[in-house]
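S.K.: Okay, here's the prediction I keep looking at, along with the sequence it came from:
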Number of protein chains: 2
Amino acid sequence: MATISIIGTGNMGQAIAALAGRGGHTVQLLGQHDADTPLGDVVVLAVPHAAVADVIAARGAHLAGTIVVDITNPVDFETFDGLTVPTDASATAGIAAALPDSRVLKAFNTNFASTLASGTVGDLTTTVLIAGDDADAKAVLAGIVTSGGLKAVDAGSLRRARELEAVGFLQISLAAAEKIAWTGGFGVAA
Amino acid sequence: MATISIIGTGNMGQAIAALAGRGGHTVQLLGQHDADTPLGDVVVLAVPHAAVADVIAARGAHLAGTIVVDITNPVDFETFDGLTVPTDASATAGIAAALPDSRVLKAFNTNFASTLASGTVGDLTTTVLIAGDDADAKAVLAGIVTSGGLKAVDAGSLRRARELEAVGFLQISLAAAEKIAWTGGFGVAA
């Protein structure tokens, strides 16, 4: 059983904590500004993208050696017409560069919080897409996801974070425009 | 009822022709190198991305005044690690620039051919995501899609073609890696 630290107590942080709890894992849900509590083997950065740099500044040393899971969608909420990261990059690539001693994964950014709680997207079991360069780290996270009753799919290398962020942005833009519900979105049929 | 010309007789061209036929529309399925047959109100470019330039060179004058539907995924099949269009652009943007007298839409690139035929992605009704800058043109295409029994969702402006191409690439990469089946993929729960 892994010990999972979730930094950020918003909807996504709560939903991921509940998921990991369903799988029987030890979970700590930490406030964004907690800089002291010792962290577990897997650390989920469940804060807005704009807050990630502060968390890394405060927690960088504690994150060394851990599996770090980036769930962010760096949407430009002023224009709602793109992302705040360069088009040939990703939020995750920036985090990985800032944390060379962590194994950084992209996951959960294509899942609305409610679908992590309900376990379904329409009639499909909610699927968590996981991208990263470390196969063992991806397997650990996939195990947490599946033990909580959801499906996990390996989405490829960390470079695929770019496409996952495009999916996340598109899904958010559709929900914001009321084309889909925040309880729905993209499901994955294997 | 619209008259729909589909250029390209591969799996996608056949599936889109069948979809439009189910809706009672007049459909012509044309070979990639047919440069003479008069075209309908809606023209679907159902050829590989690399062949689009040739079709435009041969057919540009005939495409003026029509609704042109780009279904391509400009995947770099040599590296399978990205697209052949610049990261701040899209295949559709290039086509729109080359066809200033057409109303260009992006659609169908996030649908595997088999899901257009079966009408389902897992247990979800197959949804066609449509991006473009002309609301009337999007409504015409959405009408064709829904009359054939599928769902259509307005995915926003033509700039969203970039995200749709990211979705298409990710979906193809997952199927090529046997993480999902070519009969499955991304479904949309409204």
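M.R.: It's in.

S.K.: from here on, contacts and neighbour counts on C-alpha atoms
M.R.: Will do.

S.K.: Mind pulling up the pLDDT for the spatially most central residue of chain A?
M.R.: Closest to where the C-alpha atoms of chain A average out (Cα atoms, centre = their mean) is A:I71, at 2.3 Å. We have a pLDDT of 98 for A:I71.

S.K.: Now it. Nearest residue, chain neighbours left out?
M.R.: Closest residue to A:I71 apart from its sequence neighbours, by Cα to Cα, 6 or more residues apart in numbering or on different chains: A:N109 at 4.6 Å.

S.K.: That neighbour against A:V69, yeah?
M.R.: No - counting by Cα atoms under 8 Å, A:N109 stays clear of A:V69, with 10.1 Å between them.

S.K.: Low-confidence ranges, chain A, go.
M.R.: For chain A, no stretch is flagged by pLDDT under 70.

S.K.: Those residues of it touching chain B, which are they?
M.R.: A:81, A:87-88, A:121-124, A:153-156, A:159-160, A:163-164, A:166-167, A:169-170, A:174, A:179-181, A:184-190 (Cα under 8 Å from any Cα of the partner chain).

S.K.: Please convert the buried members of these into PyMOL selection syntax.
M.R.: With 16 or more other Cα atoms under 10 Å in any protein chain shown as the criterion, this PyMOL line picks the buried residues out of those:
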select buried, chain A and resi 81+121+122+124+153+154+155+156+159+160+163+164+166+167+169+170+174+179+180+181+184+185+186+187+188+189+190
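
S.K.: Return the subset of the residues of chain A next to chain B lying in helices.
M.R.: Under the assignment DSSP state H, those contribute A:E163, A:L164, A:A166, A:V167, A:F169, A:L170, A:L174 to helices.

S.K.: Quick check: the farthest pair among those residues?
M.R.: Farthest-apart pair in those is A:E163 and A:L174; separation 16.4 Å (Cα to Cα).

S.K.: Run through the helices of chain A in chain order.
M.R.: A:11-22, A:49-63, A:91-98, A:113-118, A:135-147, A:161-176.

S.K.: Name the stretch among those helices that sits most buried.
M.R.: helix A:161-176 (a mean of 24; mean count of other Cα atoms under 10 Å in any protein chain shown).

S.K.: hang on, isn't A:T146 packed against A:V153?
M.R.: No - counting by Cα under 8 Å, A:V153 is not a contact partner of A:T146; they are 10.0 Å apart.

S.K.: Overlap of the contact sets of those two?
M.R.: Both A:T146 and A:V153 lack any common contact, where contact means Cα atoms under 8 Å, 6 or more residues apart in numbering or on different chains.

S.K.: Show the end-to-end separation of stretch A:174-188, please.
M.R.: 17 Å (Cα to Cα, to the nearest Å).

S.K.: what sits up against that stretch?
M.R.: Applying Cα under 8 Å, 6+ apart, the contact partners of stretch A:174-188 are A:110-112, A:114-115, A:121-122, A:124-127, A:171, B:153-156, B:184-190.

S.K.: repeat that with 7 Å
M.R.: With Cα atoms under 7 Å, 6 or more residues apart in numbering or on different chains as the test, stretch A:174-188 has contacts from A:112, A:114-115, A:121-122, A:124, A:126-127, A:171, B:153, B:155, B:185-190.

S.K.: next one: stretch A:8-15
M.R.: So stretch A:8-15 is in contact with A:I6, A:L29, A:L30, A:G31, A:Q32, A:L45, A:A46, A:V47, A:A113, A:L116, A:A117, going by Cα under 7 Å, 6+ apart.

S.K.: Also stretch A:57-67?
M.R.: A:A35, A:L39, A:D41, A:V42, A:V43, A:L99, A:D101, A:S102, A:R103, A:V104, A:A137.

S.K.: Closest to chain B out of those residues?
M.R.: Closest approach between the contacts of stretch A:57-67 and chain B, by Cα to the nearest Cα: A:A137, at 17.6 Å.

S.K.: Enumerate the beta-bridge partners assigned to the residue lying closest to the closest one once chain neighbours are set aside.
M.R.: In this structure, A:A137 finds its nearest non-sequential neighbour in A:I67, 6.4 Å apart by Cα to Cα, 6+ apart. Beta-bridge partners for A:I67, by DSSP bridges, are A:V42, A:R103.

S.K.: among the contacts of stretch A:8-15, who's most crowded?
M.R.: The most crowded member of those, judged by other Cα atoms under 10 Å in any protein chain shown, is A:A46 (29 neighbours).

S.K.: Quick check: that residue touching A:I16?
M.R.: No - A:A46 is not in contact with A:I16 according to Cα atoms under 7 Å; the separation is 8.7 Å.

S.K.: and the end-to-end length of stretch A:108-115?
M.R.: This stretch, stretch A:108-115, spans 10 Å end to end (Cα to Cα).

S.K.: ah, wrong one, I meant stretch A:74-94
M.R.: First-to-last residue span, stretch A:74-94, Cα to Cα: 11 Å.

S.K.: What of stretch A:93-109?
M.R.: Span of stretch A:93-109 from end to end, Cα to Cα: 14 Å.
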